[in-house]
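Visitor: Next come a sequence and a model predicted from it.
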Amino acid sequence: MKHFIDVSVVLRQTGSGQYSNLVTRSTGAAVRQEIELAVAALPERTLTIIDFSSVGMMDFSCADEVVGKLLNDIRRGPEPREVYIAVSGVGDSHLEAIETVLECYGLAVVVEDAHGPWRVVGPLDDDSRRACNAVNRRGRACAADIAPELGESADLTDRTLNTLWERRLVMRDANGYLALQMAL
Amino acid sequence: MTTVITVPPSLDDETFEQVFDQLAPVPADEKVLIDARHTRWSSPFGLTALLTVGQSREVRADFTGPEAEDTASYWQRAGFYRHAEELFELHGHVPRARNLSGESNVLLEITPVEKSDDVHGVVERIQTKAQVILVNELNLDAQTTMRFAMTLSEACQNIVEHAEARGWVAVQTYTWRQRLGRRVVVIAVCDAGIGFRRSLEMAQGRKRIDRWDDGVALEDAVVRGVSRFHDPGRGQGLAGVQRFVAKWDGKLSIRSGTARIAIVPPWDTDTPLLRHLPPFPGAQLQITIPERVVSR
């Protein structure tokens, strides 16, 4: 299941409706809390796409709240759930702020690209990044499919893919691993 | 008794030290007269820092503005008198308020910053004008406008998050003939709040160190990215400001308490860290981005 959140709509709901930019920590915190409430109400295995395309500018403080803290709370909270988050509609300046805060938390996130396979941003070791990109290109893969491409054993590749699943950067089912892009 | 504080003829972040120096021995509950009659020019730092002088006084200070008509008129158009009349007893000639819309070098007139909404307002107002000036006059690329607005937002948020007092921001462009010979855009953000040292002292579980002063506090915040809050994402605002400044060969300086730290580009000869300056409350920040020289 996919759930779409337009950040500009959430921004309006938080009482900052007259503004098009996502700035200040208090604004970011208010937006994050609204998104957390929405995500909490969704069933397991839901992909939530957080869309920034109608947001003009996002500063570091807001990126910290809306992306960094949000992902940290969801992925490392007291009750971990199988919920997936991707971001979309991000420009270069959004990306700079997002990558900076992800670095602080040691977290990565999948970014929707309108023109090709989705990609992962944030700190990730080379093997994991290549494995994630391989799954994103194929849409669906198991360890044996991409182990030759990575030049690793199937066992090691499976461990890498499993770690990506634990970090909610790919999905997993009985047949292997799926790109978030493939979520229905 | 009223102590006269003489404002230098040319007022910027360096010459403002003369004002701080004169103010330092005068208790906050004693009357001062800020005498700017002979001042002919001021940077946005000078204007916003003058407001913080008014803010820092327990007894309402007197203020006499520039006698030169063009200087006084410019200060009026930059929004100085509108805020000054709330802080000072104004004496002498106060020019009439005029519309600022024709003032091309003022990207943002002096604007108070106290709460989150003020930062939203600042960012919304500056974007259109910044696009034109940064790209057409300073030869920076179009992407810079967003980063510039991010930088401005983070600089202003230092007041909202840490100052515990109102501050002011102003953004102007001008030609910096003496030091650089190029146009620059300057952001000044000044407050007379609690300053970096006291803000960091509020951090829970902070370890006490022997050598702790305003200089160390500034080094912690600016160089080491320390924040009074312990969340992993804190401290990124000033780090982002520094990245922007470094990318465009700019300069960042922050004065707080008795110290001043500067990220100094090759074109400047400022001292990276000054200690034992005359004390002044709050934080006074300046960002200078020079025109990019385009080879033809």
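Guide: All right, it came through fine.

Visitor: now the strands for chain B?
Guide: Counting by DSSP state E, one finds strands in chain B at the ranges B:3-6, B:10-11, B:32-35, B:41-42, B:61-64, B:88-91, B:106-113, B:167-176, B:182-191, B:251-257, B:259-263, B:273-274, B:280-290.

Visitor: Quick check: which of those strands is nearest to chain A?
Guide: Ranking the strands of chain B by proximity to chain A (CB to the nearest CB) places strand B:106-113 first, at 10.5 Å. Any C-beta I mention is one placed from the backbone N, CA and C, and that applies to glycine too.

Visitor: residue contacts, residue A:15?
Guide: residue A:30 (CB atoms under 8 Å, 6 or more residues apart in numbering or on different chains).

Visitor: and stretch A:33-46, is it in reach of chain B?
Guide: No: against chain B, stretch A:33-46 shows no contacts by CB under 8 Å from any CB of the partner chain, the least distance being 14.6 Å.

Visitor: Look at that stretch and report the distance between its end residues.
Guide: Length of stretch A:33-46, first residue to last, CA to CA, to the nearest Å: 18 Å.

Visitor: re earlier: could you dump the strands of chain B into CSV with mean neighbour count and mean pLDDT added?
Guide: CSV is the format used below for those (neighbours: other CB atoms under 10 Å in any protein chain shown; pLDDT from 0 to 100):
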stretch, mean neighbour count, mean pLDDT
strand B:3-6, 15, 98
strand B:10-11, 18, 96
strand B:32-35, 21, 98
strand B:41-42, 22, 95
strand B:61-64, 22, 98
strand B:88-91, 16, 96
strand B:106-113, 22, 91
strand B:167-176, 22, 92
strand B:182-191, 25, 94
strand B:251-257, 25, 97
strand B:259-263, 22, 97
strand B:273-274, 16, 97
strand B:280-290, 25, 96
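
Visitor: Let me have those strands in CSV, adding distance to chain A as columns.
Guide: Listed next are the strands of chain B as CSV, based on distance: least, CB to the nearest CB, whole Å:
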stretch, distance to chain A
strand B:3-6, 35
strand B:10-11, 30
strand B:32-35, 32
strand B:41-42, 28
strand B:61-64, 31
strand B:88-91, 30
strand B:106-113, 11
strand B:167-176, 13
strand B:182-191, 14
strand B:251-257, 15
strand B:259-263, 17
strand B:273-274, 24
strand B:280-290, 15
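
Visitor: Would you mind listing what in chain A touches chain B?
Guide: Chain A comes close to chain B at residues A:16, A:19-21, A:23-27, A:56-61, A:64-65, A:68-69, A:72, A:91-93, A:96-97, A:100-101, A:104-105, as judged by CB under 8 Å from any CB.

Visitor: Could you tell me how far residue B:155 is located from chain A?
Guide: 10 Å (CB to the nearest CB, to the nearest Å).

Visitor: Just to check, that residue is in contact with residue B:286?
Guide: No: Residue B:155 is not in contact with residue B:286 according to CB atoms under 8 Å; the separation is 9.3 Å.

Visitor: anything in contact with each of these two?
Guide: B:187, B:189.

Visitor: The nearest residue to residue B:61 once chain neighbours are set aside bridge partners, please.
Guide: Leaving aside its sequence neighbours, residue B:61 sits nearest to residue B:32 (CB to CB, 6 or more residues apart in numbering or on different chains; 4.8 Å). Here residue B:32 sits in beta bridges with residue B:3, going by DSSP bridges.

Visitor: Tell me which residues touch the closest residue to residue B:217 other than its chain neighbours, please.
Guide: Leaving aside its sequence neighbours, residue B:217 sits nearest to residue B:197 (CB to CB, 6+ apart; 3.8 Å). Contacts for residue B:197 were tallied using CB under 8 Å, 6+ apart; they are B:212-214, B:217, B:256-257.

Visitor: just checking, the residue nearest to residue B:61 touches residue B:1?
Guide: No: the pair residue B:32 / residue B:1 is not scored as a contact, 10.0 Å apart, by CB under 8 Å.

Visitor: wait, what's in contact with the residue nearest to residue B:61?
Guide: Residue B:32 neighbours (CB under 8 Å, 6+ apart): B:2-5, B:23, B:26, B:57, B:61-62.

Visitor: Could you do residue B:150 as well?
Guide: By CB under 8 Å, 6+ apart, the contact set of residue B:150 is A:23, A:57-60, A:93, A:97, B:240, B:244.

Visitor: contacting residues around residue 92?
Guide: Here I'm looking at chain A. Going by CB under 8 Å, 6+ apart, residue A:92 touches B:143, B:146.

Visitor: nope, chain B
Guide: B:37, B:64-65, B:67.

Visitor: and residue 95, how many neighbours?
Guide: All of this refers to chain A. The number of residues packed near residue A:95 is 16, by other CB atoms under 10 Å in any protein chain shown.

Visitor: hm, I was asking about chain B
Guide: Residues lying near residue B:95 (other CB under 10 Å) number 17.

Visitor: Let me know whether it touches residue B:70 as I believe.
Guide: No: Residue B:95 is beyond contact range of residue B:70, at 9.8 Å (criterion: CB under 8 Å).

Visitor: Now for the closest residue to residue B:133 other than its chain neighbours: which residues touch it?
Guide: Excluding the flanking residues, the one nearest residue B:133 by CB to CB, 6+ apart is residue B:173, at 5.7 Å. When contacts are counted by CB under 8 Å, 6+ apart, residue B:173 touches B:105, B:107, B:133, B:137-138, B:183-186.

Visitor: if we can go back for a sec, looking at the strands of chain B, which is nearest to residue A:118?
Guide: Residue A:118 sits nearest to strand B:280-290 of all the strands of chain B, at 35.0 Å, using CB to CB.

Visitor: tell me the pLDDT at the residue nearest to residue B:217?
Guide: The per-residue pLDDT reported for residue B:197 equals 94.

Visitor: From chain A, how far off is it?
Guide: From residue B:197 across to chain A, the span is 21 Å (CB to the nearest CB).

Visitor: before we move on, what about residue B:221?
Guide: For residue B:221, the distance to chain A - CB to the nearest CB - is 14 Å.

Visitor: What sits closest to that residue if chain neighbours are left out?
Guide: Spatially, and ignoring its direct neighbours in sequence, residue B:221 is nearest to residue B:196 (5.2 Å; CB to CB, 6+ apart).

Visitor: Surely the one you found and residue B:255 touch.
Guide: No: taking contacts as CB under 8 Å, residue B:196 lies outside contact range of residue B:255: 9.7 Å.

Visitor: anything in contact with each of the two?
Guide: residue B:283.

Visitor: Reformat the contacts of residue B:197 as CSV; add distance to residue B:295.
Guide: As requested, the contacts of residue B:197 are exported to CSV (distance: CB to CB, whole Å):
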residue, distance to residue B:295
B:212, 48
B:213, 45
B:214, 42
B:217, 42
B:256, 39
B:257, 43
